[in-house]
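Peer 1: Let's see this in three dimensions:
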Amino acid sequence: HANYLQFCSASLTHEAIGIDPANISICPFVLYIYEHKRSPGKVTIGYRNPDFGNGNPSDPLSNKIHTFLKQIVDNTIVDY
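Peer 2: Below you'll find the predicted structure:
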């Protein structure tokens, strides 16, 4: 059992592209959730690390986006 959700944050994507047009590659963001048949009952929730093209993955915007995605995952786990 697996699902994923793709979406873009217009404000974060606009901010990233303003820094470097190659950052268009960060969109769409992808969240995933799955239960592996070898581990019934264990559900994994996460997100794909965005590719910042020529950007530095440790820059403030990258950290902002990772924090945004992590908060979605963390809130989902709490609500689950």
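Peer 1: just checking, what packs against whichever helix or strand residue 46 is part of?
Peer 2: Assigned by DSSP states H and E, residue 46 belongs to strand 43-47. Strand 43-47 sits against strand 29-35, helix 60-79, with contacts defined as 3 or more CB pairs under 8 Å, 6 or more residues apart in numbering; DSSP states H and E. The way it works is simple: take the backbone N, C-alpha and C, and place the C-beta from them, glycine included.
Peer 1: Redo these as JSON lines? Include mean pLDDT.
Peer 2: Formatted as JSON lines, the helices and strands packed on strand 43-47 follow (pLDDT from 0 to 100):
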{"stretch": "strand 29-35", "mean pLDDT": "94"}
{"stretch": "helix 60-79", "mean pLDDT": "87"}
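Peer 1: rewinding a little: neighbouring strands of the strand holding residue 46 in the sheet, and parallel or not?
Peer 2: strand 29-35 (antiparallel) (DSSP bridges).
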